[in-house]
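Just the structure for this:
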Amino acid sequence: MFIVYIMLGLLLLWSIIIASFTYMMFWIEAGNSPYRARVEELAGGNVRALLLRGVLLSTYSQMLSIIINPLYFWRGLWNPKTDPASPLPTVILIHGLYHNPSGWLFYRHWLRQAGFTNIFAWPRLVWKDSIDDLLPMLDAWIMERTRDIADKPIVIIGHSIGGVIARAYAQRPNPARKIAGVVTLSSPHQGSKLAALGMGKASQDIRRGAPFLKRLEAAGTRADIPHLAVYSPIDNMVIPAESQKVKQPGWTHLETAPVSHIYMLYHKAAAEDVLRFALSAGRGGAENGSASSARGMSLNPDALS
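Numbers count the residues shown, from 1 in each chain. Coordinates of the predicted model:
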């Protein structure tokens with residue numbers, strides 16, 4: 001038991017160090033830019049309290065993510081049986097840089113509560129490969145995994161770099177399945193300065209000014225697919241925080257309550273908006289699947305009928 005306490009203590013210490021360092025970097029960037037005014041507005045005059053909130057949420061979510069990380073080996077989490085009878089679109093989940101499908105544990109539960117049954121989390125560990133190399137792998141996996149439900153459109157939800165991958169995949173000329181909608185959560189669409197510290201080829205693709213991001217921006221956004229970018233105003237991994245927004249037209253942006261980067265995976269209020277968007281996209285995209293129209297929808301799947 002003593003060993004368990006030691007391990008938990010080390011885990012807590014590590015999480016606090018990472019949270020404190022990344023929020024220090026966040027404030028150095030934000031505090032010396034026009035974005036400082038937005039942070040002070042959110043803080044109501046108490047920036048320290050807001051940053052402490054971020055550190056606490058970051059510490060909690062890091063510890064939770066590490067504890068549930070072994071669920072990666074639970075095959076049913078990312079490779080369940082298909083449900084051809086479902087009236088809802090298939091949901092494809094793409095995790096972040098150093099994460100795995102276990103990060104979608106809460107989302108999987110919330111999606112099932114909303115009536116979605118065909119939910120698949122891509123098991124590929126993305127950090128080793130470039131995004132250009134990952135895209136055909138993702139396409140082949142979607143093709144194989146949805147073979148029995150090929151007639152159903154897909155909604156792709158990606159967290160962090162997973163959102164960038166989802167965005168790039170939706171721009172492909174002939175994706176494996178019809179795409180009904182794309183959602184990104186805390187994704188570095190314009191790159192992150194912290195990515196320069198990352199390991200692996202994928203992290204180099206999301207550096208500020210990375211050639212891949214420049215090509216992605218130049219490619220445009222498909223007008224026939226609703227796109228939603230969900231972001232936190234105090235994200236501690238995507239620096240500067242404004243990089244979570246997309247400059248291209250064709251995107252709806254949704255700011256959440258001030259939460260940390262990883263906590264976005266466990267933020268139910270934001271997830272409810274995402275679920276409404278997915279339902280809206282699944283019924284053909286009311287008002288192009290915008291977050292505002294989705295917020296007015298019931299989470300009952302009968303809304304599709």
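
the domain parsing of this protein - what is it?
Domains of the chain are assigned by automatic domain parsing as 2-71, 74-304.

between these, which gets the lowest average pLDDT?
In terms of average pLDDT, domain 74-304 trails the rest of the domains of the chain, at a mean of 90.

re the thing from before, would CSV of the domains of the chain with mean neighbour count be doable?
From N, CA and C alone the C-beta is placed, and that goes for glycine too. Output for the domains of the chain, formatted as CSV (neighbours: other C-beta atoms under 10 Å):
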stretch, mean neighbour count
domain 2-71, 15
domain 74-304, 20
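
what separates the residue nearest in space to the middle of the chain from residue 48, distance-wise?
Taking C-alpha atoms, centre = their mean, the centroid of the chain lies closest to residue 159, which sits 1.7 Å from it. According to C-beta to C-beta, to the nearest Å, residue 159 and residue 48 sit 28 Å apart.

For residue 271, which non-adjacent residue is closest in space?
Distances taken as C-beta to C-beta, 6 or more residues apart in numbering put residue 110 closest to residue 271, at 5.0 Å, once the chain neighbours are dropped.

just checking, that neighbour is part of a strand?
No: going by DSSP: H, G, I helix; E, B strand; the rest coil, the assignment for residue 110 is helix, not a strand.

Can you give me the separation between it and residue 199?
Distance, residue 110 to residue 199, by C-beta to C-beta: 31 Å.

what do you get for residue 215?
To residue 199, residue 215 is 23 Å away according to C-beta to C-beta.

Same check on residue 221?
Using C-beta to C-beta, residue 221 is found at 30 Å from residue 199.

what does residue 249 give?
35 Å.

Backbone dihedrals for residue 118, both of them.
When read as degrees, to the nearest 10, the backbone of residue 118 gives phi -90, psi 90.

ok, it - contacts?
82-83, 86, 88-91, 146, 149, 152 (C-beta atoms under 8 Å, 6 or more residues apart in numbering).

For residue 166, state which of those residues is nearest.
For the contacts of residue 118, the minimum distance to residue 166 (C-beta to C-beta) is 11.4 Å, reached by residue 91.

Residues touching the helix or strand harbouring the closest one, excluding its own?
Element membership for residue 91 (DSSP states H and E) is strand 90-94. Residues outside strand 90-94 that contact it (C-beta under 8 Å, 6+ apart) are 78, 101, 104, 107-108, 111, 116, 118-122, 126, 138, 142, 146, 149, 152-159, 162-163, 165-166, 177, 278.

7 Å instead, please
With contact meaning C-beta atoms under 7 Å, 6 or more residues apart in numbering, strand 90-94 is reached by 104, 107, 111, 116, 118-122, 142, 146, 149, 152, 154-158, 162, 165-166, 278.

Kindly format the C-alpha coordinates of the strand or helix carrying residue 269 as PDB.
Using DSSP H and E, residue 269 falls within helix 268-282. C-alpha atoms of helix 268-282 as PDB (Å, rounded to 0.1, in the frame of the first residue of the first chain):
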ATOM      1  CA  LYS A 268     -19.700  17.900 -19.800                       C
ATOM      2  CA  ALA A 269     -21.200  21.400 -20.600                       C
ATOM      3  CA  ALA A 270     -19.000  21.600 -23.700                       C
ATOM      4  CA  ALA A 271     -19.800  18.000 -24.600                       C
ATOM      5  CA  GLU A 272     -23.500  18.700 -24.500                       C
ATOM      6  CA  ASP A 273     -23.000  21.400 -27.200                       C
ATOM      7  CA  VAL A 274     -20.900  18.900 -29.200                       C
ATOM      8  CA  LEU A 275     -23.600  16.300 -29.000                       C
ATOM      9  CA  ARG A 276     -26.200  18.700 -30.200                       C
ATOM     10  CA  PHE A 277     -24.000  19.700 -33.100                       C
ATOM     11  CA  ALA A 278     -23.500  16.000 -34.000                       C
ATOM     12  CA  LEU A 279     -27.300  15.400 -33.900                       C
ATOM     13  CA  SER A 280     -27.800  18.500 -36.000                       C
ATOM     14  CA  ALA A 281     -25.200  17.400 -38.500                       C
ATOM     15  CA  GLY A 282     -26.800  14.000 -38.600                       C
END
